[in-house]
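Novice: have a look at this prediction, sequence included:
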Amino acid sequence: MGSIPCDCHVHVFDPERYPYAASRKFTPDTANAQQLTRYLDQTGLQRTVLVQPSVYGTDNRCLLDAVEQLNGRAKGVAVISKDSSKEDLDALMAAGVVGARLNMVVNRSFDTDEAAVLIEELDALLPESWHIQLHVSLGVLAGVARTIGRSNRLFVLDHLGLPSVEEGTKAPLWQKMLEMIRTGQLCVKLSGPYLSSKLTSPYSDLRPYVDSLAHANAEAILWGSNWPHNHITSSLAVLEIQANGAIGALTQLVKLEGEPGPHRKEQPFPKPHFNPFDPSGQFVVVPDKGLDKTFVFRFEDGQLRPGEFPAASGREASGPRHIAFHPKQPWAYIANELDSSVMACRFDASSGELRPFQIISGLADTFVDNSRSSEIEVDRSGRSLYVSNRGEDTIGVFRIDQSDGRLTLIQSQPSAGKTPRFFALSKDGRWLYVLNEESDSIVVFAVDTDSGKLRSTECKYQCGSPVCMVFSA
């Protein structure tokens, strides 16, 4: 795409118009062509390359629609079925597709023999002008080097090949990749640095890798933001609310800093997930999944200021996500996403200090598979707490001891769907609405206002990938 400023790696997600594949490994939020256009305009980027994400499989309709909407500013890299006909490929090329992607990372496949076969199939199938984009490990890349060498086609490697920074640039697999880019047949994308780095932005531990790439063949380096997966600013924004209720100008941007947790995939950098006010309105409390901390800011004169006690630390790899305050007592409860636990804290409304006093699992002790917590809420009476569990696919119901705020799990209610990312209690506390993201449903449960336990009502509404619900005042 020449010397025009270009982002060579972005994705689009539009599940309302183009449903995700049932076999997907994750469910991303909407990031459609209109949002991508705003991103390009705001950053001054004139052109981009849209890469087919794994959640759509070989259904390239969303990508093609976005390429069309971008009106000459984009090309596409599709995922191709081995059954595609010449007519299918000609149609894709006419629509702006210039390459095909092979993604083995999404399934954590390190089978070099399988990779070689897939590359040979693509090489024989694709138009001569297309490149093949590889989302593979450095080990797989080294294993298919001869297969690539027998092709006349250009290959592009995603995300620096996901190097292990502990091994350094002298590692044999990194050196093999450098040998391949010196031939001019392989290009490497500087994208997704947080997938490999052990540090936060600007990811200085990757500098030797970038330098070695530039020394080997600077012309083989491409840059991509990995939008919309580039939530790497790790910041908290304050915006004005105008007299008519409209959102006004940005007045403050606070960057959250700290040592990332040990989870390589989910904690590469700070990830603020929620920013509610405390009941008094004096403090803004921010659970940060990436840093295993919950930050507390005092809010004065429209500005955020670090509190006297700026953060409460959780267990490593716990991943704080959401927080709920007790309506009557000085207690707060944090849902830890990564270990599906709840951390109970005493909250000092004068200083903003959060003091943990209990950590309890949100899962039944008979559940032994993987699960992640998401939403958390205390009922208006202050006697019950609820937390959603994605994996176990339940709503955990806790009794709150009114003398000390400690929790006891009393029910693990199946959510009647897959991946309950969110739920909401009705204003009167009699109903709880569960949003099952991956089964596209909202399910209604009756709440026993004495015990807090849930009961199925058999009432279900279909809704595409629901992720949030609020009630008007």
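Specialist: Structure received. For clarity, every value in this text was computed on a predicted model and none was experimentally measured. Residues are numbered from 1 along each chain as shown.
Novice: residues contacting the closest residue to Thr147 other than its chain neighbours?
Specialist: By the measure of Cβ to Cβ, 6 or more residues apart in numbering, the closest residue to Thr147 outside its immediate chain neighbours is Ala116, 4.5 Å from it. C-betas here are computed from N, CA, C, even on glycine. Ala116 makes contacts with Gly143, Val144, Thr147, as judged by Cβ atoms under 8 Å, 6 or more residues apart in numbering.
Novice: could you check which helix or strand contains Ala116?
Specialist: Element membership for Ala116 (DSSP states H and E) is helix 112-125.
Novice: next, the buried residues of that helix.
Specialist: Thr112, Ala115, Ala116, Leu118, Ile119, Leu122, Asp123, Leu125 (16 or more other Cβ atoms under 10 Å).
Novice: now the second one: how far from Met104?
Specialist: Counting by Cβ to Cβ, to the nearest Å, the separation of Ala115 from Met104 is 6 Å.
Novice: now the common contact residues for the two.
Specialist: With Cβ under 8 Å, 6+ apart, Ala115 and Met104 have common neighbours Val136, Val140.
Novice: who are the packing partners of the longest strand along the chain?
Specialist: Using DSSP state E to define each element, the chain has its longest strand at strand 303-313. For strand 303-313, the elements it packs on are strand 235-241, strand 247-255, strand 293-300, strand 354-361, judged by 3 or more Cβ pairs under 8 Å, 6 or more residues apart in numbering; DSSP states H and E.
Novice: looking at these, which is nearest to Gly99?
Specialist: Nearest to Gly99, of all those, is strand 235-241, at 33.8 Å by Cβ to Cβ.
Novice: which outside residues touch the closest one?
Specialist: 247-256, 272, 275, 284, 286, 297, 302-304.
Novice: and the helix holding Ala116, how far from the chain's centre?
Specialist: 30 Å (Cα atoms, centre = their mean, to the nearest Å).
Novice: state the mean pLDDT of that helix.
Specialist: The average of the pLDDT scores along helix 112-125 is 96.
Novice: how near is the closest residue to Val67 other than its chain neighbours to Thr112?
Specialist: Spatial nearest neighbour of Val67, chain neighbours left out: Gly96 (4.4 Å); criterion: Cβ to Cβ, 6+ apart. Going from Gly96 to Thr112 by Cβ to Cβ gives 32 Å.
Novice: please name the residues that touch Pro172.
Specialist: Contacts of Pro172 by Cβ under 8 Å, 6+ apart are Ala142.
Novice: can you check Thr394 too?
Specialist: Leu363, Ala364, Ser388, Ser412, Gln413, Pro414, Ser415, Pro420 are the contacts of Thr394 under Cβ under 8 Å, 6+ apart.
Novice: just checking, the fifth one is part of a strand?
Specialist: Yes. According to DSSP: H, G, I helix; E, B strand; the rest coil, Gln413 belongs to a strand.
Novice: just to check, it is in contact with Val397?
Specialist: Yes. Using Cβ atoms under 8 Å, Gln413 makes contact with Val397 at a distance of 6.3 Å.
Novice: what is in contact with those two at once?
Specialist: With Cβ under 8 Å, 6+ apart as the test, Gln413 and Val397 both reach Lys453, Leu454.
Novice: pLDDT at Lys176, what is it?
Specialist: 96.
Novice: CA atoms only for the helix or strand containing it - export them in PDB, please.
Specialist: Using DSSP H and E, Lys176 sits in helix 172-182. This file holds the C-alpha atoms of helix 172-182, laid out as PDB (Å, rounded to 0.1, in the frame of the first residue of the first chain):
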ATOM      1  CA  PRO A 172      17.700 -20.500  17.700                       C
ATOM      2  CA  LEU A 173      14.000 -20.000  16.700                       C
ATOM      3  CA  TRP A 174      14.400 -16.200  16.600                       C
ATOM      4  CA  GLN A 175      17.600 -16.600  14.600                       C
ATOM      5  CA  LYS A 176      15.800 -18.900  12.100                       C
ATOM      6  CA  MET A 177      13.100 -16.300  11.700                       C
ATOM      7  CA  LEU A 178      15.700 -13.600  11.000                       C
ATOM      8  CA  GLU A 179      17.300 -15.900   8.400                       C
ATOM      9  CA  MET A 180      13.900 -16.200   6.700                       C
ATOM     10  CA  ILE A 181      13.300 -12.500   6.500                       C
ATOM     11  CA  ARG A 182      16.700 -11.800   5.000                       C
END
